[in-house]
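Asks: What shape does this take:
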Amino acid sequence: MQRLTTLIIFICLFSCSDNVDQFVQNDVSIVHTQLKDIGQSKSSSFKLNNNTVSNIATDNNTEIELPINTFFKPSELSDIPFQLDIIELDSYEDYITSNVTNLSDEGVRDVIFSIYISAKDNEKNTLSVQNNQEIVVRIPAENKIGELQLGSGYASENVITWNYSNTQNNKKIKYKQWSRTNSENVLEEFSGYEFSISESGWYSLTVVKDDQYTLNDVCLSIPEEKFNENNSLVFILLDSHQHLLQAQPLNSEIFCNYNVPVTGNTLDIIAISYIDGEDQFYYDSKQIKADDIDSEINLSPVRIDKETLSSKLMEL
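Replies: Residues are numbered from 1 along each chain as shown. Just a heads-up that it's a prediction; the model follows:
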């Protein structure tokens, strides 16, 4: 998956706490639990205060701007600390290790960036954005990519589905230039996409596509006995789109995904397993032709260390 080209220099204008590993999914498999340690974390947290306009930049060079009283009413005590939590995803490795796919309510989307934003007070209570307040998000991009859509994500049974039907969100996307002062007190100019949100949660930017596609059922098997639905994950990647789907277990051996929107000539399939007690990952990948989707497709994961697995996921 192509990463957005960034021009921004990282600045943290507020004290940053240690990275947070997960914010939303809890009851996940042993594989997802272990995959969180693969690759570089895209999670971060910031200690902020309600009585100050907060303008922060993450390690991934995303800018977040929060006005005064974003999460607290003006009538309340103004000097209130809170923690802002963020997850950023812009590669297949990010989505796989964060237990997030590109499953959407309609069609195929070329996903270029997803972000999760949430806040909590000192008692760990989740905070809501106050009425008439908006959080501004700026994603650096050297060149304008094309017409974009902004989707919101909702979780059901530990699966996030993206909803792109709210066309009002798309009116908030702008390609623009902005400036900020770097750590050496030098003003720098940047360009990229800006949008605003009035609720915390998951959001995703995608490129608008009108490509034709067919819906196909894709089933795959991992015949080896030690691999099953409790310790294995199977993913389907469309070859002509930045689009990731997870096949669901039909039984201990068969994994299926129904109504897969096939747009190109091939599909890439990967399987990742983790055997508890062995403390080992297993991995296999296979490219299949769209014409062979109905044939028997077997996967045979072989042992792999964390570093090699991370490299293979980065190459997707």
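Asks: Check the burial of residue 30 by counting its neighbours.
Replies: For residue 30, the tally of surrounding residues (other CB atoms under 10 Å) stands at 14. Placement of C-beta: from N, CA and C, glycine included.
Asks: ok, now residue 174?
Replies: Count around residue 174 with other CB under 10 Å applied: 12.
Asks: Would you list the phi and psi of the closest residue to it other than its chain neighbours?
Replies: Leaving aside its sequence neighbours, residue 174 sits nearest to residue 194 (CB to CB, 6 or more residues apart in numbering; 5.0 Å). Main-chain dihedrals, residue 194, degrees, to the nearest 10: phi -130, psi 140.
Asks: these two touch, right, residue 194 and residue 205?
Replies: No. Residue 194 lies out of contact with residue 205 (CB atoms under 8 Å); the separation is 11.0 Å.
Asks: show me the contacts for the nearest residue to residue 145 once chain neighbours are set aside.
Replies: Excluding the flanking residues, the one nearest residue 145 by CB to CB, 6+ apart is residue 207, at 6.1 Å. Residues near residue 207 by CB atoms under 8 Å, 6 or more residues apart in numbering: 109, 110, 112, 145, 146, 147, 148, 149.
Asks: So residue 291: helix, strand or coil?
Replies: Secondary structure for residue 291, judged by DSSP: H, G, I helix; E, B strand; the rest coil, is helix.
Asks: Check the gap between it and residue 68 for me.
Replies: With distances taken as CB to CB, to the nearest Å, residue 291 is found 59 Å from residue 68.
Asks: So which of the two has more stuff around it?
Replies: Each of residue 291 and residue 68 has its neighbours counted (other CB under 10 Å); residue 68 has more, 14 against 9.
Asks: Tell me where this protein has helices.
Replies: Listed in chain order, the helices of the chain (DSSP state H) span 30-35, 92-97, 167-170, 306-314.
Asks: pLDDT value on residue 235, please?
Replies: pLDDT, residue 235: 95.
Asks: Please name the bridge partners of it.
Replies: On the basis of DSSP bridges, residue 235 is bridged to residue 246, residue 270.
Asks: doesn't residue 245 make contact with it?
Replies: Yes. Between residue 235 and residue 245 there is a contact under CB under 8 Å: 6.9 Å.
Asks: Now for the two: what residues contact both?
Replies: residue 101.
Asks: so residue 82 makes contact with residue 123?
Replies: No. Residue 82 lies out of contact with residue 123 (CB under 8 Å); the separation is 10.4 Å.
Asks: Please say which of these two ends up with more neighbours.
Replies: residue 82 (20 against 5).
Asks: and that one, what pLDDT?
Replies: For residue 82, the predicted pLDDT is 95.
Asks: circling back to that earlier point, please report how far the residue nearest to residue 145 lies from residue 108.
Replies: 10 Å.
Asks: again, but for residue 175
Replies: Separation of residue 175 from residue 108 (CB to CB) stands at 23 Å.
Asks: Compare the two and say which one has the larger neighbour count.
Replies: For residue 175 versus residue 108, neighbours defined as other CB under 10 Å are more numerous around residue 108 (21 against 15).
Asks: check contacts around that one.
Replies: Applying CB under 8 Å, 6+ apart, the residues contacting residue 108 are 209, 211, 213, 238, 241, 243, 261, 263.
Asks: Next: residue 222.
Replies: If you count contacts by CB under 8 Å, 6+ apart, residue 222 has them with 228, 232, 234, 253, 255, 271, 273, 298, 299, 300, 301.
Asks: Name only those of those residues that count as buried.
Replies: 232, 234, 253, 255, 271, 273, 299, 301 (16 or more other CB atoms under 10 Å).
Asks: Convert the C-alpha atoms of stretch 50-66 to PDB, please.
Replies: C-alpha atoms of stretch 50-66 as PDB (Å, rounded to 0.1, in the frame of the first residue of the first chain):
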ATOM      1  CA  ASN A  50      -8.900  22.100  28.200                       C
ATOM      2  CA  ASN A  51      -8.100  25.800  28.600                       C
ATOM      3  CA  THR A  52      -5.500  25.800  25.700                       C
ATOM      4  CA  VAL A  53      -5.800  25.500  21.900                       C
ATOM      5  CA  SER A  54      -4.000  22.200  21.300                       C
ATOM      6  CA  ASN A  55      -2.000  21.800  18.100                       C
ATOM      7  CA  ILE A  56       0.000  18.600  18.000                       C
ATOM      8  CA  ALA A  57       1.900  16.500  15.500                       C
ATOM      9  CA  THR A  58       2.300  12.700  15.800                       C
ATOM     10  CA  ASP A  59       5.400  10.600  14.900                       C
ATOM     11  CA  ASN A  60       3.600   9.900  11.600                       C
ATOM     12  CA  ASN A  61       3.500  13.700  11.000                       C
ATOM     13  CA  THR A  62      -0.300  14.000  11.300                       C
ATOM     14  CA  GLU A  63      -1.500  17.300  12.800                       C
ATOM     15  CA  ILE A  64      -4.400  17.500  15.200                       C
ATOM     16  CA  GLU A  65      -5.900  20.800  16.200                       C
ATOM     17  CA  LEU A  66      -8.300  21.100  19.100                       C
END
